[in-house]
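In: fold the following.
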Amino acid sequence: MTDEQKRKDSFVRHELRFLVRAIDKDITDISYTVTDVGEEEVTVTWHNGYKRRINVTGDSFKAIVWDVLRRI
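Out: Here you go, the predicted model:
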């Protein structure tokens, strides 16, 4: 993982997690991953086990928030 990807991972695990859980109490987890082919994804998990993967490849922090909020 590059330094930028590490910063994005930390942002998703801390700041973005706080925001989405304040918006939707049924969200139990949110995570950032980099696939084998280099795509960046945020996975949102709800209490019922449903997961939604959101492509955030190349996104800034602001764009990550925008993409995630549009999909939840």
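In: quick check: the residue lying closest to Gly58 once chain neighbours are set aside vs Ile27, distance?
Out: Leaving out its chain neighbours, the residue that sits closest to Gly58 by CB to CB, 6 or more residues apart in numbering is Glu40, at 7.3 Å. C-beta: built from backbone N, CA, C; applies to glycine. Glu40 sits 19 Å away from Ile27, going by CB to CB, to the nearest Å.
In: more neighbours: which of the two?
Out: Summary of the neighbour comparison: Glu40 and Ile27, criterion other CB atoms under 10 Å, with Glu40 having more neighbours (21 against 17).
In: may I have the beta-bridge partners of the more buried one?
Out: On the basis of DSSP bridges, Glu40 takes part in beta bridges with Val34.
In: doesn't Val56 make contact with it?
Out: Yes - taking CB atoms under 8 Å as the contact criterion, Glu40 and Val56 are neighbours in contact, 4.9 Å apart.
In: shared neighbours, the two?
Out: Each of Lys8, Tyr32 lies in contact with both Glu40 and Val56 under the rule CB atoms under 8 Å, 6 or more residues apart in numbering.
In: show me where the protein has its strands.
Out: Per DSSP state E, the chain has strands spanning 27-34, 40-46, 51-55. These are given in chain order.
In: okay if I get those strands as JSON lines plus mean pLDDT and distance to Leu19?
Out: JSON lines is the format used below for these (pLDDT from 0 to 100; distance: least, CB to CB, whole Å):
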{"stretch": "strand 27-34", "mean pLDDT": "97", "distance to Leu19": "9"}
{"stretch": "strand 40-46", "mean pLDDT": "98", "distance to Leu19": "12"}
{"stretch": "strand 51-55", "mean pLDDT": "98", "distance to Leu19": "14"}
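In: among those strands, which comes closest to Asp3?
Out: The stretch from the strands of the chain with the least distance to Asp3 (CB to CB) is strand 27-34; that distance is 12.6 Å.
In: which strands and helices sit next to the closest one?
Out: When contacts are defined as 3 or more CB pairs under 8 Å, 6 or more residues apart in numbering; DSSP states H and E, strand 27-34 packs onto helix 3-11, helix 17-23, strand 40-46.
In: that one vs strand 51-55, what angle?
Out: Here strand 27-34 runs at an angle of 40 degrees relative to strand 51-55 (axes from the mean of the first three to the mean of the last three CA atoms, to 10 degrees).
In: all set, thanks.
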